[in-house]
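K.L.:
let's see this in three dimensions:
(chains A, B and C)
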Amino acid sequence: MRTKLHTVAAAGAAALLLASCGSGESGGGESAAGLTGEGSGESCTIEGEVPLGAVLSLTGAAASYGESQQRGLELAASELAEQGGVTYDLTIEDDQTDPRQAITLFDEFVNDGVSLIIGPTLSNAAVQADPIAQEAGVPVLGISNTAEGVTEIGDYIFRDSLTEQAVIPQTIEAATEQFGLEDVVVMYSNDDAFTESGYEAFADALEDQGVTISETITFSKSDTDFRALLTQAQENEPDALVVSALIEAAVPLVTQARELGIDVPIIGGNGFNNPRLMADAGEAAEGVVVGAAWNSASDNPENQAFLQAYEAEYGSQPDQFAAQAYTGLKLVDQAVRANCSAERDSIQEALGQIEDVPTVLGEFSIDENRDADHPAVVQVVENGQFAVLQ
Amino acid sequence: MLGQYATTLTFIALGAIFAYSFYAVLIAGQLSLGQAGFAALAAFSGAYLAPAPADVGDVPSLLIAVAIGMSVGALGAVVLGLPTMHLRGVFLAIATLGFAEAVRVVLLNQEWTGGAQGLGVPRVLTVGMAWTALALVAYWFWRMGRSRYGRALEAIREDELAARSMGIDVGRHRLSAFITAGAVAGLYGVLYAYYVRLIAPNDFDFVAAVEGLVTAVVGGSTMFLGPLLGSGFQTIVPEIQRAVGVEAGWIRPFLASLLLLVVILFLPGGLASLIPRRTRMPSGPADDDATGLAGRRHPEAGQPVVTLSGLGKEYGGVHAVRGVDLEIRAGEVVGLIGPNGAGKTTLVNMISGLVPPSSGSATVLGTTVGSTPVHRIAAAGVSRTFQHSKLFNRLSALENVLVGAHLVSRPTFLRRLFWLPSARRDEQAALRQAARCLERVGLSELAANRAESLSYGDQRRLEIARALASDPSLLILDEPAAGMNHVEAARLSELIRSLARDGLTILFIEHNVGMVLQTCTRVVVLNFGEVIASGVPDEVAADPAVIEAYLGSAEEDADGTGARAGATAAGAGDAPPDAVANLRPGASGTLDTPDATRDAT
Amino acid sequence: MQQLLNGIFIGSIYALFAIGFTLVFGILDRLNLAHPAVFAASAFVGIELVERGGLSLWAALPVVFVFGAVLGLVIERVAFRPLKNRADAHFAGLISSIALAGMLIAVLQWRYGPDTRRFPPGSFPDTRFEVFGAQVTLVQVVILAVSLALMVGLTYMVTRTRLGRGMRAVAENPTAARVLGVNVDRVTAVTFAISSALGAVAGVLFAINVNTAQLGMGAAIELKGLAVIIVGGMGSLPGALIGGLLLGLAEVFAVQHIGSSWVNVIAFGLLFVILLLRPQGLLGARKVREV
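P.N.:
The predicted structure follows:
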């Protein structure tokens, strides 16, 4: 076992040297010895700092998700720093919600010799930038990419975010059972990759459950006045509104629906899983069903600790983006400690073997397609809180 | 070494190519935001239709996609351009923006584009290919810059009306600039697609269009290196911020915007204005060989040049010109005088085709005035100056005159692309012609100066030189001596007479009556839009009706400064002399000639 | 019926936003692309005033109005006045106002973070009416009334007051206006101030109406605002109102009869048709612009 580990380390070092030729001290300068340590798991000690890169959208259209992710990562990073043994040098960079910046940043992180890249925030950017890391043999952990096919880019690409396909069928099934849905109106923003793939999952799931879609209505992710669309939806007298939207649209949509007197259930996906839904939509949010990857009300110890630590640090409740980011860095730590090595190939190998790790998201595994595998949850807003839909 | 910066360098090249698509129209004074739409159409159709690199190889696949993309882009520009080319300024910008948004929405709604989740494209483009493409595009615009075509575009940007009067077919030139923009935007779209691996319609949204425009303007829209500098600037700013360690977050866009503001406010010509601009001068001696320029056949002395019968113009019930019958024969020097508001400028505007008559008919050099576009009338041999100088302000004096030679020089752009010696010969011939014209009005020393930097009197003379450069049969001068002192006016008078000796027919409006009587073979007096006298100077000067109507009141205008004041007052009081600037409603937003619209009344 | 009202209310928002746009364009022939940023900034400032400052909405609105006016003065001073005599003032003005907008949005993100915000519940009475079976909120009625009042008020000001005459003179010909004793710089600055103040009020009302304020809210409505001023006629105040209402109704019609995914195409289709058939816009004057 030990010899094998050394071979991996040597191969990793060679890859590092190749990948970073010419980039000088910051790259290959971190010698192989510096990134491989003694012990394993809790007791693992790595001498050098483990360089990690994160590419988030901190400004531009997706800034609000990027900021949540940044908070999640920083919270996890500070906890890991306290734990000791392995020190991480996490560089969080802003891709400005611009694919060109994401590509450039991936390139720079690869050249700078980071052990792993976290991100990027948006799925489209992941499809564009992840191949750079794949080609260079740098593992990537997506913390919010939900589009299909992201991990198919290659064997270095992982994610801890459940795809919409993994969350939504369960939601629709639960909702159909609960409300006896027969026909619904589906609304989604068709100019966003995340919500569009959410819509596709909804459509498939509704078909599976034998629910009729009486009308599909689209809007733009920047829209905030939905009254015309909602009135149109209302005319179909649906049993429920099924909505795939980001939180920016979710809040006004829910508010205006109630205002127009639409009192049928509203069913949303991951985009709705945000404490701001209750904070901003208030009364109107009551009864909204949200299928999501993260059960914010979960009482597992990791989640409770996370909720408390987050609240203490930032004075607000975390959303799913923060939870997944937080989990992401913790998983990376897990993977580094598994072989007690922060070499790229070692991390890649260890990430692939993550199984039944207790996390904020629940018992977490990485499946054979390098996708996340953990329980999803169907929540309903009750008294201004997410509660599990029984 | 280079490998580390390959990504950044590639994005600089891509950004620059996109900026060139804006430069292509900005140079002609058009503000379009439709390039994002062209790029989107090209990117999707190129990536969708071209064979996969796996089947035909990387480079062939890319080349086929580029060919498809550029054609689609150019075609899109034709389709959008035909109905919108008559729009100006902000109107054009918004119309083209509407097009781009419509393209985006349509692409989002298509199955084959993958909607918001985008269309996967193999990465084929390398940094070398990107820069090769950029070099070709930059080369294109570099060679265009000093060609007849390039000068014509610049002239349109500076003053569309003057450009028309120099015989430039503005509509055609604007459309071709627009098509170039479409093709270049198409190139960008395809190259972008083959680099970033996944294209979504939102990659070509309003923000992208604005960014392309910003890049082009920051770099400088009057010099071919501008887009490259702009793209370098825009791409490197985030890099520098990262390198310096500016914290990721709001501060970065703040600083980037601040920097942009500073550049725009303090570098009027964009970054390219930091590069000194060389004005080319003719290399050979300015001898008298006129070979190489298309000769023009002038009417024989005594032939009719202008025939007006019952010509009239009415503005909202006010008769600016009424029932004018006039014939001007080749070789004549006709002075048109009359009090302010007598309709002189309106009359010459009709003769030169700028204003359609409301009644009567006019034939100028065999062309019927009315529906004939201005540039056709110019092509027939009419050349003119304007009451308020309409020079191409940001061009040098020499370049102004070169534009004047548009009609008699040959197109050189395509030949310049291939460095054909004949293009150089033609350019040299045009340069010599321009130099001769400048010399003739005594401005040789100031050839390299920007037109706007010249003194008032020099500007008037430059306008004459520009008008002469087209080797006209009929030269129309609208108050050429305005703002000149006695000495200058006398010199001008001598110049006009020497031109007449060369066989040129001249019609000129002037307030300096002394000069008119001295210079002309015939004087026509206009009052309240009607001809009240016409004849040889002495006769007219003795005509009691003329003295009554005009000469008495014109005494104080006889000296130079008075004449200038008169000209300004005329601008305010005349029946709209420059009303032509507002002929098209869209012109109210004209970008290139704000003064023309502003000074309209 | 509900849809008709929806269209009118959406349209009145467009109009409110576009009036500020068109005012500056009418006077200066310049597009002020920082207008959307003012729209967003004032919504955020308004929220802060109500949330932290404890002001009632009615007290906050005048403060926001003044805030907008000050922003307008800054925009004019920083992004437009320095360019006044430049040959490329048109391009440069677009870019400088875009740059200023970028700075403004960045500052907003610094101050308020990237998250969406909203006016605290109850800051505006959520009274609802039923009109012919359609749901109408008080905010919507207020917005419509404000748009109408502003249009009437501004038209009165432009046509009847001394300031308005100054504006028209500057719009007509700045040089001549100066000769005639109009303080062109001041008229220009005041125009920007009014325009931005209107944008500010529009921002607050918009945020209440849709129950959310976002950094990108101005950008989201910007394109529609541009379409509206073209459709209505550049520089025409009643045109902006009619253009806004027309666009709102056309969009609702599109939702009902063509399909929601084509709404934006419809908006720009309308714009295109207008540009081709009547480039000066519905109420745009042919030669002499209204302010």
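K.L.:
could you use CA atoms for every contact and neighbour count after this?
P.N.:
OK.
K.L.:
doesn't residue A:234 make contact with residue A:262?
P.N.:
Yes. Look at residue A:262 against residue A:234 with Cα atoms under 8 Å: they come within range, at 6.8 Å.
K.L.:
which bits of chain A sit near chain C?
P.N.:
By Cα under 8 Å from any Cα of the partner chain, the residues of chain A that approach chain C are A:59, A:61, A:63-64, A:67, A:190, A:217-219, A:222-225, A:227-229, A:231-232, A:248, A:251-252, A:255-256, A:259-261, A:280-282.
K.L.:
from those residues, which ones fall inside strands?
P.N.:
Per DSSP state E, strands hold the following members of the residues of chain A next to chain C: A:217-219.
K.L.:
distance to residue B:527 and neighbour count added to these, as a markdown table?
P.N.:
Shown next, in a markdown table, are these (distance: Cα to Cα, whole Å; neighbours: other Cα atoms under 10 Å in any protein chain shown):
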| residue | distance to residue B:527 | neighbour count |
| --- | --- | --- |
| A:217 | 70 | 20 |
| A:218 | 68 | 24 |
| A:219 | 66 | 24 |
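K.L.:
give the contact list for residue A:37.
P.N.:
Residues counted as contacts of residue A:37 (Cα atoms under 8 Å, 6 or more residues apart in numbering or on different chains) are A:44-47, A:340-341.
K.L.:
what are the phi and psi angles of the closest residue in space to residue B:228 that isn't next to it in sequence?
P.N.:
Leaving aside its chain neighbours, residue B:228 sits nearest to residue B:16 (4.8 Å; criterion: Cα to Cα, 6 or more residues apart in numbering or on different chains). Per-residue torsions, residue B:16: phi -70, psi -40 (degrees, to the nearest 10).
K.L.:
what residues are up against residue B:16?
P.N.:
The contact partners of residue B:16, by Cα under 8 Å, 6+ apart, come to B:134, B:215-216, B:227-232.
K.L.:
again with residue B:163
P.N.:
Contacts for residue B:163 (Cα under 8 Å, 6+ apart) come out as B:152, B:155-156, B:170, B:403.
K.L.:
could you do residue B:322 as well?
P.N.:
Applying Cα under 8 Å, 6+ apart, the residues near residue B:322 are B:310-313, B:529-530.
K.L.:
top of those residues by number of neighbours, please.
P.N.:
In terms of neighbours by other Cα atoms under 10 Å in any protein chain shown, the contacts of residue B:322 top out with residue B:312 at 26 neighbours.
K.L.:
quick one: average confidence on the host helix or strand of that one?
P.N.:
When elements are assigned from DSSP states H and E, residue B:312 belongs to strand B:304-315. The average pLDDT for strand B:304-315 rounds to 90.
K.L.:
what pairs with the helix or strand following that strand, parallel or antiparallel?
P.N.:
On the C-terminal side of strand B:304-315, the nearest following helix or strand under DSSP H and E is strand B:318-329. Take DSSP bridges as the rule and strand B:318-329 pairs in its sheet with strand B:304-315 (antiparallel).
K.L.:
coming back round to it: what subset of the residues of chain A next to chain C is buried?
P.N.:
Applying a neighbour-count criterion of 16 or more other Cα atoms under 10 Å in any protein chain shown, the buried members of these are A:59, A:61, A:63-64, A:67, A:190, A:217-219, A:222-225, A:227-229, A:231-232, A:248, A:251-252, A:255-256, A:259-260, A:280-282.
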